[in-house]
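Dropping a prediction and its sequence here:
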Amino acid sequence: MTRAAPAYWLMKSEPFKYSWDDLVAEGEGTWDGVRNYQARNNLAAMQVGDEAFFYHSREGLEIVGICTISVAGISDPTDETGKWAAVKVKPKEKLARPVTLAAIKAEPRLAEMQLIKQSRLSVCGVTAEEWNIIRTMAEG
DNA sequence: GCCAACGTTGGC
DNA sequence: GCCAACGTTGGC
């Protein structure tokens, strides 16, 4: 399956477990351990070349960087049943200015973001419009 | 650290 | 198939 334009995502991580800096240090990270069906469906829909915001949850509460999907459609190596999905990501760029959850909530055009609507979903879809708005907000 | 929101599980 | 109990996530 191919797609003309890259899709956009937002992936949450608790920085004390796995932070943006950890990903940069590793060079490539496996996004595994997801045990939510909706998040899994998002993971399974990802393709190489898609881009994702890296969001720090619990602490920070902000988008800190952008990563690209480097390997798609793999099964979660931490899962023995084989039914959970994972991808590999590489850091692409660190945002000049992190975009905080508060800033996202304060922007009416972002009120419909899956991030806002489903606060507990750890892998969210982002529309191209939302992506561009946040990229603009992240410019220094 | 607390707790609300939400997803999952299991008894009936 | 319903729903109460339970576990987890994530904002505050």
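Yep, that arrived.

A:Tyr8 is in contact with A:Trp131, correct?
Yes - in this structure, A:Trp131 is within contact of A:Tyr8 by C-beta atoms under 8 Å, at 4.3 Å. For every residue, glycine as well, the C-beta is placed using N, CA and C.

hey, what's in contact with both of those two?
With contacts taken as C-beta atoms under 8 Å, 6 or more residues apart in numbering, A:Trp131 and A:Tyr8 have A:51, A:53 as neighbours in common.

measure whichever residue of chain A sits closest to DNA strand C to A:Ala52 for me?
Nearest residue of chain A to DNA strand C: A:Ser122, at 3.6 Å (C-beta to the nearest atom of the strand). Distance of A:Ser122 to A:Ala52, given as C-beta to C-beta, to the nearest Å: 12 Å.

which residues do those two both contact?
Common neighbours of A:Ser122 and A:Ala52, using C-beta under 8 Å, 6+ apart, are A:Met11.

Please say which of these two ends up with more neighbours.
Neighbour tally, A:Ser122 and A:Ala52, criterion other C-beta atoms under 10 Å: the higher count belongs to A:Ala52, 28 against 21.

Which residue is the nearest non-sequential neighbour of the residue of chain A closest to DNA strand C?
A:Lys12 (4.6 Å; C-beta to C-beta, 6 or more residues apart in numbering).

number of nearby residues for the one you found?
There are 20 residues near A:Lys12, going by other C-beta under 10 Å.

Let me see the contact set for the residue of chain A closest to DNA strand C.
A:11-12, A:34, A:36, A:39, A:57.

which among those residues gets closest to DNA strand B?
The nearest member of the contacts of A:Ser122 to DNA strand B, counting by C-beta to the nearest atom of the strand, is A:Asn36 at 5.2 Å.

what's the closest one sitting at in phi/psi?
phi -130, psi 130 (degrees, to the nearest 10).

That one contacts A:Leu121, correct?
Yes - with contacts counted by C-beta under 8 Å, A:Asn36 reaches A:Leu121, the gap being 6.8 Å.

For DNA strand B, what's the nearest residue on chain A?
Counting by C-beta to the nearest atom of the strand, chain A gets nearest DNA strand B through A:Tyr37, at 4.3 Å.
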